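Colleague: 3D, please:
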Amino acid sequence: EKALFRRAMSRTELGDLSLATADLKRVLQINPSNTEAKEAERKLHTKARVRMAESLFKAAESGETAEVRRLVANGVDVKAKSSSGWAALHFAATGGHEGVVKVLLGVA
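Modeller: Reported below is the predicted structural model:
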């Protein structure tokens, strides 16, 4: 259990969120009351959501309609806000990316 937890934390630091999540799930299967693992899993989930939202902002800003469509299909929150307070729709509209705007409005 401890070794799995340490490996999960190492994987988190290396940016391998999917493998870190898998390790934390195993830790919690072994010991469901492990509060440290529960907290780490919650933080990891938040980090993953932020990373996906940032990918959406970049794709919207650069007019990558197919990538925006893929991210939205994978559950990225189209209403998420960047650190500047903008949603992906702001980035797409400012860049004049009509296709991306249509994708975002279709799911918003």
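Colleague: shaky segments in this protein?
Modeller: Low-confidence segments of the chain, defined by pLDDT under 70: 107-108.
Colleague: Residue nearest the middle of it, spatially speaking?
Modeller: The residue lying closest to the centre of the chain (Cα atoms, centre = their mean) is Arg49, at 2.6 Å.
Colleague: chain center to the strand or helix carrying Val68, what's the gap?
Modeller: Per DSSP states H and E, Val68 falls inside helix 65-73. The chain centre lies 13 Å from the centre of helix 65-73; the measure is Cα atoms, centre = their mean, to the nearest Å.
Colleague: before we move on, what about stretch 101-108?
Modeller: So, by Cα atoms, centre = their mean, the centroid of stretch 101-108 is 19 Å from its chain's centroid.
Colleague: Run a quick neighbour tally on the residue nearest to Thr21 when sequence neighbours are not counted.
Modeller: Distance criterion Cβ to Cβ, 6 or more residues apart in numbering; nearest residue to Thr21, sequence neighbours excluded, is Leu44 at 5.8 Å. (C-beta placed from N, C-alpha, C; glycine too.) Using other Cβ atoms under 10 Å, Leu44 has 20 other residues around it.
Colleague: what about Leu44, distance to His90?
Modeller: For Leu44, the distance to His90 (Cβ to Cβ, to the nearest Å) stands at 28 Å.
Colleague: And Leu17, its phi and psi?
Modeller: Dihedral pair for Leu17: phi -70, psi -30, per degrees, to the nearest 10.
Colleague: okay but it is in contact with Val50, surely?
Modeller: No. Using Cβ atoms under 8 Å, Leu17 makes no contact with Val50, being 10.5 Å away.
Colleague: And the two? Which one has more around it.
Modeller: Just comparing Leu17 and Val50: by other Cβ under 10 Å the higher neighbour count belongs to Leu17, 16 against 12.
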